[in-house]
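A.B. asks: below is the structure, and that's it, no one-letter string:
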């Protein structure tokens with residue numbers, strides 16, 4: 001039983017046939033010294049040889065012995081490319097048919113007269129010089145011997161071969177038997193986005209722009225520059241990010257429009273910068289002066305307008321901080337647009353709305369920049385008119401600070417009342433009773449003190465009921481009095497830089513006289529910010545406990561920012577005023593919104609109680625809340 005190599009495969013593949021999937025034999029393997037370990041092969045079709053380069057993900061095949069000298073393999077996915085001015089076959093995927101056998105056929109090489117006549121020595125010679133048979137008959141003009149393996153029988157015994165005659169290879173109509181092509185002037189072949197990789201030569205993609213970022217300016221050690229990015233989606237569902245710097249940014253920024261379809265080619269394929277790129281593709285495209293971006297005149301209905309991977313709001317509660325996701329919900333409320341002064345001195349707009357869905361949870365969504373005045377104003381008008389729109393959010397960023405919120409980034413897009421199955425399902429749920437259903441917020445500031453469904457606990461109950469010892473934190477409300485505030489270390493030095501749409505806030509350390517270093521931003525700063533890390537003792541009629549207040553809740557209790565208090569105590573040395581502010585806060589009664597969670601510090605588990613929100617008790621509101629509770633409570637709880 002015999003298996004043949006694919007005759008004339010080398011000439012066909014180097015001539016541009018990428019669909020042949022030929023059987024070839026490995027004559028030699030060498031490790032290539034580069035930044036990443038790679039293996040270079042000499043492959044044979046029984047008559048001709050050609051150099052091939054294995055993609056890095058196939059290294060394990062060589063190391064395990066699945067691919068070795070003498071192996072017969074089938075090339076499943078491959079491209080032809082130029083590596084160091086030598087034409088090679090870049091193998092992206094292959095299958096081993098026979099792990100090891102003798103040399104098949106009579107492969108010939110262009111070798112010097114002094115080279116030995118054995119296949120292995122010839123292979124090494126060809127490997128060193130980059131020589132290969134150029135296709136067709138052998139270099140000497142002698143006829144080729146028939147190969148001795150057949151693809152029809154992969155289960156062959158590798159040590160027994162019966163010579164068979166295989167019909168000559170018939171190339172496709174577009175192929176001309178002219179050997180390896182060094183320069184192809186034909187239009188680049190359109191490939192799926194999912195197949196893009198750095199080992200391809202000429203390529204083109206046809207895709208729709210689903211998101212376009214702003215043109216941003218930056219300054220680093222190389223000088224000033226500008227950059228913008230946009231995201232692409234093709235008909236196969238593949239997504240990839242494209243980035244343009246400086247001259248390319250000037251050239252393409254005005255040309256690119258969100259929602260339009262373009263034919264793009266001649267870009268560089270680089271590893272995706274996952275700190276700034278949330279798309280599920282290991283590569284991204286970098287455009288330069290030679291790149292082409294041509295709009296497609298006819299709309300391509302095969303490419304969807306957008307691709308979503310929606311997460312329900314209750315899933316966001318367990319999502320990682322800074323992760324980017326899609327969500328959909330009903331807008332139940334929206335706040336006004338306010339002006340926020342960033343640390344860099346620039347002003348921006350902020351607006352907060354609330355989304356709920358059928359999972360029984362709601363979340364705060366923070367809008368930044370132009371979204372506040374464009375989509376934000378439209379949503380505000382709809383809510384005020386009694387219409388609660390469905391909002392689909394593409395690429396929202398999760399923020400995790402004593403609760404979960406979602407914020408917009410440069411690539412975030414909004415779709416109001418979209419024509420989607422998920423949107424219709426939400427609308428039916430909302431109109432069918434979901435509007436009146438109580439939703440628990442996963443965001444830190446979303447629960448007013450009198451909201452129905454809030455969980456009131458005492459200090460004793462927090463300890464006795466073992467709150468915070470489960471997989472997820474417990475969120476409770478505690479009415480208690482401030483009895484003591486530690487003032488020796490009430491704040492920490494923090495990074496003032498903006499990380500995306502919020503302040504970095506990471507603790508910074510001294511890097512010399514008047515200099516600070518942030519490990520997260522990897523920068524040295526001339527000044528730092530100060531943020532609260534306040535330890536407060538609170539008590540009610542059942543006992544006392546310590547709670548931790550960060551920046552927002554610290555301001556709510558003391559009435560001053562951490563920086564103001566630090567300067568007052570350590571720079572102005574106004575100890576009397578500092579002490580008076582602290583004294584005024586003591587014995588005040590607050591409603592504390594708490595996050596209770598057991599955490600591991602070193603080898604010890606410790607219960608950590610964090611204040612998410614602190615609000616002074618309003619006697620009038622509190623009385624109404626207690627009367628409502630008494631009216632709804634069962635009779636056995638009134639005694």
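C.D. replies: Perfect, thanks for sending it. Computed from a predicted model, the values in this text were never measured in an experiment.
A.B. asks: ok, residue 54 to residue 62 distance?
C.D. replies: Per Cβ to Cβ, to the nearest Å, residue 54 is found 7 Å from residue 62. C-betas here are computed from N, CA, C, even on glycine.
A.B. asks: got it, and residue 465?
C.D. replies: With Cβ to Cβ as the criterion, residue 465 and residue 62 are 59 Å apart.
A.B. asks: compute the number of surrounding residues for residue 527.
C.D. replies: 11 (other Cβ atoms under 10 Å).
A.B. asks: check residue 225 too.
C.D. replies: 13.
A.B. asks: which helices and strands does the helix or strand hosting it pack with?
C.D. replies: Assigned by DSSP states H and E, residue 225 belongs to strand 223-233. Judged by 3 or more Cβ pairs under 8 Å, 6 or more residues apart in numbering; DSSP states H and E, strand 223-233 is in contact with strand 204-212, strand 216-220, strand 239-245, helix 246-252, strand 404-416.
A.B. asks: could you save those as JSON lines and add columns showing distance to residue 288?
C.D. replies: Output for the helices and strands packed on strand 223-233, formatted as JSON lines (distance: least, Cβ to Cβ, whole Å):
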{"stretch": "strand 204-212", "distance to residue 288": "15"}
{"stretch": "strand 216-220", "distance to residue 288": "18"}
{"stretch": "strand 239-245", "distance to residue 288": "8"}
{"stretch": "helix 246-252", "distance to residue 288": "6"}
{"stretch": "strand 404-416", "distance to residue 288": "22"}
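A.B. asks: got any residues that touch both of residue 54 and residue 62?
C.D. replies: Common contacts of residue 54 and residue 62 (Cβ atoms under 8 Å, 6 or more residues apart in numbering): residue 39.
A.B. asks: quick one: buried residues of the top helix by length along the chain?
C.D. replies: If you go by DSSP state H, the chain has its longest helix at helix 619-632. By neighbour count with 16 or more other Cβ atoms under 10 Å, helix 619-632 contains the buried residues residue 625.
A.B. asks: stretch 320-335 too?
C.D. replies: 324, 325, 326, 327, 328, 329, 330, 331, 334, 335.
A.B. asks: which parts of the helix or strand where residue 536 lies are buried?
C.D. replies: Assigned by DSSP H and E, residue 536 belongs to strand 534-540. For strand 534-540, burial by neighbour count (16+ other Cβ under 10 Å) applies to 534, 536, 537, 538, 540.
A.B. asks: got the contact list for that strand?
C.D. replies: Contacts for strand 534-540 (Cβ under 8 Å, 6+ apart): 458-459, 478-486, 490-491, 544-550, 553-554, 557-558, 590, 592, 611.
A.B. asks: what's the lowest-pLDDT member of the buried residues of stretch 320-335?
C.D. replies: Ranked by pLDDT, the buried residues of stretch 320-335 bottom out at residue 335 (81).
A.B. asks: picking up where we left off before, tell me the angle of the strand holding residue 225 relative to strand 239-245?
C.D. replies: 160 degrees (axes from the mean of the first three to the mean of the last three Cα atoms, to 10 degrees).
A.B. asks: can you list the domain ranges for the chain.
C.D. replies: 1-184, 193-295, 313-441, 459-490+533-625 (automatic domain parsing).
A.B. asks: and the average pLDDT for stretch 273-282 is what?
C.D. replies: Here the average pLDDT along stretch 273-282 is 84.
A.B. asks: so how far is it from its chain's centroid?
C.D. replies: 4 Å (Cα atoms, centre = their mean, to the nearest Å).
A.B. asks: give me the residues contacting it.
C.D. replies: By Cβ under 8 Å, 6+ apart, stretch 273-282 touches 193-194, 196, 229, 231, 238-241, 271-272, 284, 323-324, 395, 411.
A.B. asks: ok so, going back, which stretch among the helices and strands packed on strand 223-233 comes nearest residue 515?
C.D. replies: Residue 515 sits nearest to strand 216-220 of all these, at 17.6 Å, using Cβ to Cβ.
A.B. asks: pLDDT on that closest one, on average?
C.D. replies: Per-residue scores along strand 216-220 average to 84.
A.B. asks: kindly report the same for stretch 467-475.
C.D. replies: pLDDT averaged over stretch 467-475 gives 82.
A.B. asks: and it, how far apart are its ends?
C.D. replies: One end of stretch 467-475 sits 9 Å from the other (Cα to Cα, to the nearest Å).
A.B. asks: buried residues, it. List them.
C.D. replies: 467, 468, 473, 474, 475.
A.B. asks: again, but for stretch 360-369
C.D. replies: Result for stretch 360-369 [16+ other Cβ under 10 Å]: buried residues 361, 362, 363, 364, 365, 366, 367, 368, 369.
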